[in-house]
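> Kindly generate the corresponding structure for this input.
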Amino acid sequence: MHTTIIITFGLILLALMLFIGEKIGFSRQTLTYSFVALWLALTVINGAIGVVTAGQSVSSEMVVGSLVFSVPVAALVLFMVMTQA
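Numbering: from 1, shown residues only. Reported below is the predicted structural model:
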């Protein structure tokens, strides 16, 4: 359940960054790089907390972390392809 919540948070963060960023006037390239860097950092922090606090193994956190990272990034790629001018 925690994984689903984190992925949903990532998708909401992506939508907010794209919506607010475009309203402010940032380019899509800047928003894309910013989201990927921010989401990678948040995914690593989430995995570190899982290892330290929840006692999860590093290998299981790597597998879950790759899923948590890849779903919102795949949604970003799909959005960029679908809205290409």
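> Extract the C-alpha trace of stretch 11-27 and format it as CSV.
Coordinates of each C-alpha in stretch 11-27 appear next as CSV, following Å, rounded to 0.1, in the frame of the first residue of the first chain:
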residue,chain,number,x,y,z
LEU,A,11,2.1,11.4,-10.3
ILE,A,12,0.4,14.3,-8.5
LEU,A,13,3.8,16.0,-8.1
LEU,A,14,4.4,15.6,-11.9
ALA,A,15,1.0,17.1,-12.7
LEU,A,16,1.5,20.1,-10.4
MET,A,17,5.0,20.7,-11.7
LEU,A,18,3.9,20.7,-15.3
PHE,A,19,0.8,22.8,-14.7
ILE,A,20,2.3,25.4,-12.4
GLY,A,21,5.7,25.4,-14.3
GLU,A,22,4.0,26.1,-17.6
LYS,A,23,1.8,28.9,-16.1
ILE,A,24,5.0,30.5,-14.6
GLY,A,25,6.7,30.3,-18.0
PHE,A,26,9.3,27.5,-17.6
SER,A,27,10.2,25.5,-20.7
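> roughly how far is it from the heart of the chain?
For stretch 11-27, the separation from the chain centroid amounts to 13 Å (computed by Cα atoms, centre = their mean, to the nearest Å).
> what comes into contact with that stretch?
Contacts with stretch 11-27, where a contact means Cβ atoms under 8 Å, 6 or more residues apart in numbering, come from 28, 30, 31, 34, 35, 38, 39, 71, 72, 75, 76, 79. Just so you know, the C-beta spots here come from the backbone N, C-alpha and C atoms, and that holds for glycine as well.
> Which positions in that stretch come out as buried?
Under the neighbour-count criterion of 16 or more other Cβ atoms under 10 Å, stretch 11-27 has 14, 17, 18, 21 buried.
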